[in-house]
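>>> Just the structure for this:
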Amino acid sequence: MSNENDMKNLLEQTFKEDPLRTEIAYWKLDDELFTKSILNMSTTAKYSTMEASTILARADSTLRNYFRSEINDYINPEKIGRFFRLDYISIFKLHMIFILMDKPKKTLSDIGYLVGLTGAISNQSYTPPKSREVEDYNYDDLDFAEEISTLKKMITIQSLKSSVFEKQYNLDNSVKKVQLIENEIKHIDSQIDNIKLSRNNQALEKKYYRMLDNSLRNSMAAKNEQKWSLKNIFKGPDNNPIDVDEVMAKAEQTAQEEVSEFKKEFDSQLEEKYSLKKAKEEELAVAREKVEKDQLQLEDMQSRFQSIKEAAGGLGDIGIGYLEMGDED
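Predicted coordinates:
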């Protein structure tokens, strides 16, 4: 509705029986009712508190304070999530409230009584909430209480968020420690395999060289026995064939004796590695228990953080430095 006279007539008709309109008439404050910004309102628009604050020349936080008061049901703003939307009727109701609180110094209890929401009219004078002009940075009582409450919620959320990060950090470190110990155990297993392989290879080498040595010795002895002499020149050489099985058996026995000696050194190394592996396996078991414990603590903290975040509405997504909770469009 673009015509100011049409808006004025509509408001007069709509609030003809309204108790606050009657009270304003009683105090002869009609001249303050129909400001230019009031008459230029739209009948179809849904205004944010920031937009309504411009129309009413009041701070948007001051408007929202009244939405938490006993006269909220009279104002009847529409709430969407944590934001409020107001039509021209709700804005005009706020306008009448401000007029009565500014001039006759009515209190919220007085206003509540007039609209049938409270039981008695207060005899106390009331200083109305001040508009936040450029030069005025003071909080009224309701603003201050709201900011303190918001700050406490945000500090709690930030503290829980830090705890979640701490639990995640602890879990990550515990997982890394498990992986480190597992790699150390794999390295020890590799060292054990190398020691066993070296022991077996050296045992085979000693057996081989011992059998070769015995075989050569027996061959040389047989040749010496076959030398001719003048005494048996006509008898010819004596042929004493080499007993291969005997040579192999003797070489095997000698090699086993030698291998058993150097194996003691390898067994000592293996014993040391097995002992170290056992200690690492015990350390690994403790580290894995720590991972499970840290995982449970993280899940519990995440659950608590999510619950608090949901209970606080949108505060969980706001940085700790953000204190002004005005509407955002």
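>>> From here on, just use CA atoms for contacts and neighbour counts.
Noted.
>>> Can you pull out the low-pLDDT segments for the chain?
1-2, 118-149, 203, 206-262, 309-329 (pLDDT under 70).
>>> And the helices in it, which stretches?
4-14, 19-26, 36-39, 49-56, 60-67, 72-75, 88-102, 108-114, 141-225, 244-311 (DSSP state H).
>>> Turn these into a markdown table, columns for distance to Arg82 and mean neighbour count.
As requested, those are exported to a markdown table (distance: least, CA to CA, whole Å; neighbours: other CA atoms under 10 Å):
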| stretch | distance to Arg82 | mean neighbour count |
| --- | --- | --- |
| helix 4-14 | 29 | 14 |
| helix 19-26 | 28 | 16 |
| helix 36-39 | 25 | 16 |
| helix 49-56 | 12 | 20 |
| helix 60-67 | 11 | 20 |
| helix 72-75 | 15 | 16 |
| helix 88-102 | 18 | 20 |
| helix 108-114 | 23 | 21 |
| helix 141-225 | 13 | 16 |
| helix 244-311 | 12 | 15 |
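>>> quick one, which of those is nearest to Gly81?
helix 244-311 (11.8 Å; CA to CA).
>>> contacting residues around Ile202?
For residue 202 the amino acid is Gln, not Ile. Contacts for Gln202 (CA atoms under 8 Å, 6 or more residues apart in numbering) come out as none.
>>> And Leu86, by the same measure?
Contacts of Leu86 (CA under 8 Å, 6+ apart): Lys46, Tyr47, Ser48, Thr49, Ala52, Pro77, Glu78.
>>> Counting only strands, which of the residues you listed make the cut?
Those of these mapping onto strands are Tyr47, Ser48, Glu78, per DSSP state E.
>>> Any of those buried? List them.
Buried by 16 or more other CA atoms under 10 Å: Tyr47, Ser48, out of these.
>>> and which of the ones in strands among the contacts of Leu86 is nearest to Lys161?
Scanning the ones in strands among the contacts of Leu86 for proximity to Lys161, where the rule is CA to CA, the winner is Ser48, at 30.9 Å.
>>> Surely that closest one is in contact with Asp87?
No - assessed by CA atoms under 8 Å, Ser48 is found out of contact with Asp87, at 9.1 Å.
>>> before we move on, back to that, so can I have CSV of the ones in strands among the contacts of Leu86 showing distance to Glu282?
Putting these into CSV (distance: CA to CA, whole Å) gives the following:
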residue, distance to Glu282
Tyr47, 67
Ser48, 64
Glu78, 63
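>>> before we move on, back to that, of the contacts of Leu86, which pair is most distant in space?
Ala52 and Glu78 (12.9 Å).
>>> distance of Thr35 from Ser42?
14 Å (CA to CA, to the nearest Å).
>>> now do Glu205
Distance from Glu205 to Ser42, by CA to CA: 104 Å.
>>> Got the domain ranges for the chain?
Following the assignment in automatic domain parsing, the chain carries domains at 4-138, 150-317.
>>> Now do the closest residue to Thr22 other than its chain neighbours: how many residues are near it, please.
Using CA to CA, 6 or more residues apart in numbering and skipping the chain neighbours, the partner closest in space to Thr22 is Lys16 (8.0 Å). Using other CA atoms under 10 Å, Lys16 is surrounded by 12 other residues.
>>> what do you get for Trp27?
11.
>>> Let's test this: what are the backbone torsions at it?
Backbone torsions of Trp27, given as degrees, to the nearest 10, read phi -90, psi 10.
>>> tell me the contacts of it?
Pro104.
>>> Asn5 versus that one, what's the distance?
In terms of CA to CA, Trp27 sits 23 Å off from Asn5.
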